[in-house]
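> quick one, structure for this:
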Amino acid sequence: MFKFKPPAKDKFYESGEQAEAKGYETLSKILSRMIRGLFVFKTRKGEIVAASSTFFILMSFLPLMLLSIGVYGWVVGDVTLAHSHVMNLVRDNVPGLAPWILTSLDKIIANHLSQVQGVSLASMAILCYAMMGFSSSLLFGMNTLSSQPSRGGKFFEDMRAFIGAMAIAGFMFGFTLLNTDLGFWSSQSSGAWWGSSIIFLLRYNILQTTLALSFFSIFYKSFIPGKIRNLDALLGGVSFVALFLLGKSFYWVYLHHMKAEFAATFGNFETIVMAVTWIYFIQCAFFYGASVACAPMSLREEKVEIIPEDKQAA
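Next comes the predicted model:
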């Protein structure tokens, strides 16, 4: 029996409608996950754990930065080059930091590096301890957001903090290396077949973004207690990186609408207040990403047994 075949035009229209419906469904699920993540972040007091993590960063920032430059310089073989790279990274990722603050910070670091020769075991131990403290604050926040008790005792928690600290240190080293001046990479890749490709990827921040997405997705997957699916961890990483880029992109809102009021209120300390606010925003973005990753697990409903009325009366 002859079967009627729809025209190719109808198939084309039908595929377009199916793609539109699928896109709408996917977008609805993503937005729903973002809202659920925000609900977890607010109900689990994510802003409070972000504030405690920010305080720890401020307390350990300068010694951690000095030791990081020393270790980074020891790895690349040039402490002066490491000093320049790290200062450029701070300048690019802390919007609006006053020049006098950068100059003062640069003088402190230069004076420290002129008195230090190489990297000692004591310096490495202090660096590991500072990184473990920061890592512990992140792990505590993720435990709080996921509403999962810590297990394994103090030794296991310290091991998790140590592994997390080493992972963060490796990410910071890689991110700093990728954010160095393009002239450095041009000299390193001169004559190589991959030279032009890596310069293109670095110029448009493709490698940096890929590294950040991969690292934070794996970090959420590995260190949030409970069962986190790969897709949930990826959504958490995307949420954090997107908020970070959004915060940097919309810095002009502060410049045009709030800078004058901040300057009138805080005077010369306006940029310091803004820098602290920026660090707090980054921590909130990190814990929001963790909330998005653990939202399905945190909001899982438990079945409540219904007691019959006759048993209640008895």
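> wait, residue 109 sits on residue 85?
No: using Cβ atoms under 8 Å, residue 109 makes no contact with residue 85, being 11.9 Å away. The C-beta positions use only the backbone N, C-alpha and C, and glycine is treated the same way.
> mind naming the longest helix for this structure?
Counting residues, the longest helix in the chain under DSSP state H turns out to be helix 8-43.
> please work out the average pLDDT along that one.
Averaging pLDDT along helix 8-43 gives 81.
> dump the residue contacts of residue 282.
Going by Cβ atoms under 8 Å, 6 or more residues apart in numbering, residue 282 touches 244, 247.
> can you tell me the closest non-neighbouring residue to residue 279?
residue 54 (5.3 Å; Cβ to Cβ, 6 or more residues apart in numbering).
> run a quick neighbour tally on that neighbour.
Neighbourhood size, residue 54 [other Cβ atoms under 10 Å]: 20.
> so it makes contact with residue 280?
Yes: judged on Cβ under 8 Å, residue 54 makes contact with residue 280 at a distance of 4.6 Å.
> secondary structure element for residue 284?
Element membership for residue 284 (DSSP states H and E) is helix 270-298.
> and if you look at residue 243?
Assigned by DSSP H and E, residue 243 falls in helix 230-249.
> tell me the angle of that helix relative to helix 8-43?
80 degrees (axes from the mean of the first three to the mean of the last three Cα atoms, to 10 degrees).
> output helix 230-249 as CSV - backbone C-alpha positions only.
What follows is helix 230-249, C-alpha atoms only, in CSV (Å, rounded to 0.1, in the frame of the first residue of the first chain):
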residue,chain,number,x,y,z
ASN,A,230,28.7,15.1,37.0
LEU,A,231,26.1,17.3,35.4
ASP,A,232,25.3,18.9,38.8
ALA,A,233,29.0,19.6,39.4
LEU,A,234,29.4,21.1,35.9
LEU,A,235,26.4,23.4,36.5
GLY,A,236,27.9,24.5,39.8
GLY,A,237,31.2,25.3,38.1
VAL,A,238,29.5,27.2,35.2
SER,A,239,27.4,29.2,37.8
PHE,A,240,30.5,30.3,39.7
VAL,A,241,32.6,31.2,36.6
ALA,A,242,29.6,33.0,35.0
LEU,A,243,29.1,35.1,38.2
PHE,A,244,32.8,36.0,38.4
LEU,A,245,32.8,37.1,34.7
LEU,A,246,29.5,39.0,35.2
GLY,A,247,30.9,40.8,38.2
LYS,A,248,34.0,41.9,36.3
SER,A,249,31.9,42.9,33.3
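> for that helix, which outside residues touch it?
Contacts for helix 230-249 (Cβ under 8 Å, 6+ apart): 30, 33-34, 37, 93, 95, 209, 212-221, 224, 278, 281-282, 285-286, 288-296.
> so which bits of that helix are buried?
Residues of helix 230-249 classed as buried: 232-241, 243-244, 247 (neighbour count, 16 or more other Cβ atoms under 10 Å).
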